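**Student:** Give me coordinates for this.
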Amino acid sequence: MKINLLKASFIGILILSITYSCSSSETEIEEEVTTTLHAAYASFNAEATTIYIDGSNVVIETTGLPDHDTSYWGVGNDGYIEEDIDETPSIMSSNNNAVTITVDATPNLTGNTISTDFNTIGIAVSGASIFNDQEGGGALDAAAASLDWTGAHIGPGVYHYHLEPKAFTDDDENLVGVLLDGVFLYGRKCNSTGTYPSGLDASGGHTTTTQHTTEAEYHYHIINELYSNTGSYIAFEGPYQGY
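**Tutor:** Below you'll find the predicted structure:
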């Protein structure tokens, strides 16, 4: 009888141990999954973007069509304005601007920095793509004449911003967009001070509160240094910090 009682006690303890281990693992997994979108995503153009949580990631699907005027809409479109630039074919008539990116809901800021590459490096609040400081394998200078009033053009590929997009952030603290590493990009000024931030890292980033957070959070700023012959400011050069 004593042996049976001892066996029963051992089995009971084993079952409790297994149950606790499973429960602990499940709890840890659940804690890693984000269920609420960051407040900053509410600032994105809802007509162009669909943004949702997928596990530990955020998926951003966009038409790529901006919600502001530019000559790149093409003559006859309601958003068309005449500009003295070297134009390429209009958005509506010749380009499919749709882009989908997946970013970390909680960027990993403990790993190595990664350089930006050609093509889309982020999505702006307007719904259009953000590119880095390069164009066609070289410096942006040669393509400066094709940039519209808000620092964007088509060429190559989708309509995209290279410079501070003045249509929605012009020497201020406004949200610019989110980059491929899941880190948000803001204008040249900092919400926490109302002035140009100091002590930025090599990516133009630092950790403070923003208009979208009550606690300090790492984020990027457009660096307040004029770029070459453009008379404006590079949107983001890199490297990424959040992969």
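**Student:** Please count neighbours and contacts with C-alpha atoms only from this point.
**Tutor:** OK.
**Student:** quick one, what contacts Asn119?
**Tutor:** By Cα atoms under 8 Å, 6 or more residues apart in numbering, the contact set of Asn119 is 131, 157.
**Student:** and it, that one's in a strand?
**Tutor:** No - counting by DSSP: H, G, I helix; E, B strand; the rest coil, Asn119 is located in no strand; its state is coil.
**Student:** And the spatially most central residue of the chain, how far from Ile85?
**Tutor:** Geometric centre of the chain, nearest residue: Val178, 1.4 Å, by Cα atoms, centre = their mean. Distance, Val178 to Ile85, by Cα to Cα, to the nearest Å: 28 Å.
**Student:** still on that earlier bit, so the residue nearest to the centre of the chain sits right up against His219, yeah?
**Tutor:** No - the pair Val178 and His219 fails to qualify as a contact (Cα atoms under 8 Å) at a distance of 9.4 Å.
**Student:** any residues in contact with both of the two?
**Tutor:** With Cα under 8 Å, 6+ apart as the test, Val178 and His219 both reach 184-185.
**Student:** just to revisit the earlier point, remind me which helix or strand the residue nearest to the centre of the chain belongs to.
**Tutor:** Under the criterion of DSSP states H and E, Val178 resides in strand 175-179.
**Student:** Can you give me the domain boundaries for the protein?
**Tutor:** 1-32, 39-233 (automatic domain parsing).
**Student:** and the ones you listed, which is most packed in?
**Tutor:** domain 39-233 (a mean of 18; mean count of other Cα atoms under 10 Å).
**Student:** So what would you say the end-to-end distance of that one is?
**Tutor:** Termini of domain 39-233 sit 26 Å apart (Cα to Cα).
**Student:** My understanding was that Val158 contacts Ser94; is that so?
**Tutor:** No - assessed by Cα under 8 Å, Val158 is found out of contact with Ser94, at 9.9 Å.
**Student:** measure stretch 178-196 end to end?
**Tutor:** Start-to-end, stretch 178-196 (Cα to Cα) is 20 Å.
**Student:** related to what we said a few turns ago, can you name every helix or strand that the next helix or strand after the strand holding Val178 contacts?
**Tutor:** Next helix or strand after strand 175-179 toward the C-terminus (DSSP H and E): strand 184-186. Of the remaining helices and strands, those touching strand 184-186 by 3 or more Cα pairs under 8 Å, 6 or more residues apart in numbering; DSSP states H and E are strand 175-179, strand 217-221.
**Student:** Format the ones you listed as JSON lines; extra columns: distance to Ile60 and mean pLDDT.
**Tutor:** Shown next, in JSON lines, are those (distance: least, Cα to Cα, whole Å; pLDDT from 0 to 100):
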{"stretch": "strand 175-179", "distance to Ile60": "10", "mean pLDDT": "98"}
{"stretch": "strand 217-221", "distance to Ile60": "18", "mean pLDDT": "98"}
